[in-house]
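In: Generate coordinates for the sequence data below:
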Amino acid sequence: MKAGLFITGTDTGVGKTRVAAALLRAGVQAGLAMAPMKPVASGAEFFDLGDGRRELRNDDALALLKAAGGRFEYSTINPYCFEPAISPHIAAMDARVTVDPARLQSAALDLATKCDCLVVEGAGGWFAPIGPALTIADVAGSLKLPVLLVVGLRLGCLNHAMLSLQAIERSGLELAGWAVSEIDPKMPRRAENLATLHETFGDEPLLHLGFNPTSTAELEAGADALRRLGWLSERQTDPR
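Out: Numbering: from 1, shown residues only. Next comes the predicted model:
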């Protein structure tokens, strides 16, 4: 693996998946071998695999798999998948499953041997619980990848962004940057909120996805982000 990234968010439903998918698609378009990973997911349906076999699959994990070109078996990119759309630690408790960080680390290392770039998407926010005394932050810490913080642009995002940024910095992990995901088309004082976020992070966002971007705009944003991360050269960034 040449590069890797752990994507977390200021909350659940802020656009982590579409940011991750934009990066994956841009990498594939540029000829990179991209691997997605969704370590833990809750909210899934059973898929019929034939021969009487069924497998729980989560929509976000499926979206990542598709964006990466469908090169991997589902179970390899989403080791822990739970049916109810509730907090992962409660879903795991109901299923009588204990999330094992060592298993997640092993799965990530295996994926890393099969790709140029590994994009890992967490669940919920930075401190989302996934088991007894275990959070998404612990998973990120075990993988030791640079962190990209996705800020969902909506009322309350400033507080969530500042708290998340402080927590990531205190973890000792590298902050690769931040991303804007516009999720509220009626966001009041949008420009002022963006200006405050720029001041908070001290830099431009690695990528900015509008509320309903075209596929071309999404691809271009992903390619520009990969270039800024150093994963692509200038020559590779044109998605056309």
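
In: What does the pLDDT read for the residue most central in space within the chain?
Out: The chain has residue 121 as the residue nearest its centroid, 2.7 Å off, counting by Cα atoms, centre = their mean. Per-residue pLDDT puts residue 121 at 98.

In: next one: residue 175
Out: Value for residue 175, per-residue pLDDT: 97.

In: is it fair to say the residue nearest to the centre of the chain lies in a strand?
Out: Yes - checked against DSSP: H, G, I helix; E, B strand; the rest coil, residue 121 lies within a strand.

In: Where does pLDDT dip in this protein?
Out: Scanning the chain for pLDDT under 70 picks out 1, 234-240.

In: 50 instead, please
Out: Low-confidence segments of the chain (pLDDT under 50): 237, 239-240.

In: Taking the chain centroid, which residue in it is the extreme one?
Out: residue 51 (32.8 Å).

In: Ignoring the adjacent residues along the chain, who's closest to residue 60?
Out: Nearest residue to residue 60, sequence neighbours excluded (Cβ to Cβ, 6 or more residues apart in numbering): residue 17, at 4.4 Å. Just so you know, the C-beta spots here come from the backbone N, C-alpha and C atoms, and that holds for glycine as well.

In: wait, isn't the one you found in contact with residue 63?
Out: Yes - using Cβ atoms under 8 Å, residue 17 is in contact with residue 63, at 5.6 Å.

In: of the two, who's got more company?
Out: Counted by other Cβ atoms under 10 Å, residue 17 and residue 63 do not tie: residue 17 has more neighbours, with 24 against 18.

In: residue contacts, residue 86?
Out: By Cβ atoms under 8 Å, 6 or more residues apart in numbering, the contact list for residue 86 reads 42-43.

In: Sticking with it, tell me its helix or strand.
Out: Using DSSP states H and E, residue 86 maps to neither a helix nor a strand.

In: for residue 148, same thing?
Out: Element membership of residue 148, judged by DSSP H and E, is strand 147-153.

In: List phi and psi for residue 41.
Out: Per-residue torsions, residue 41: phi -140, psi 140 (degrees, to the nearest 10).

In: quick one, what contacts residue 27?
Out: 34, 116-117, 119, 222, 226, 231-232.

In: Tell me the one of those residues nearest residue 101?
Out: residue 119 (19.0 Å; Cβ to Cβ).

In: what about the residue farthest from the centre of the chain, distance to residue 195?
Out: Here the criterion is Cβ to Cβ, to the nearest Å. By it, residue 51 lies 57 Å from residue 195.

In: Using the three-state scheme, assign residue 4.
Out: With three-state DSSP as the basis, residue 4 sits in strand.

In: isn't it right next to residue 148, touching?
Out: No - in this structure, residue 4 is not within contact of residue 148 by Cβ under 8 Å, at 10.7 Å.

In: Neighbour count for these two, which is higher?
Out: residue 148 (28 against 22).

In: before we move on, back to that, for the strand holding residue 148, which outside residues touch it?
Out: Contacts of strand 147-153 (Cβ under 8 Å, 6+ apart): 5-11, 13-16, 19, 126, 140, 157, 160-161, 164-165, 168, 173-184, 187, 190, 193-194, 197, 205-206.

In: before we move on, what about stretch 91-102?
Out: With Cβ under 8 Å, 6+ apart, stretch 91-102 has contacts from 40, 42, 80, 82-84, 88, 130-132, 134, 138-139, 142.

In: Swap in 10 Å and give it another go.
Out: 39-44, 56, 79-89, 106, 129-132, 134, 138-139, 141-143 (Cβ atoms under 10 Å, 6 or more residues apart in numbering).
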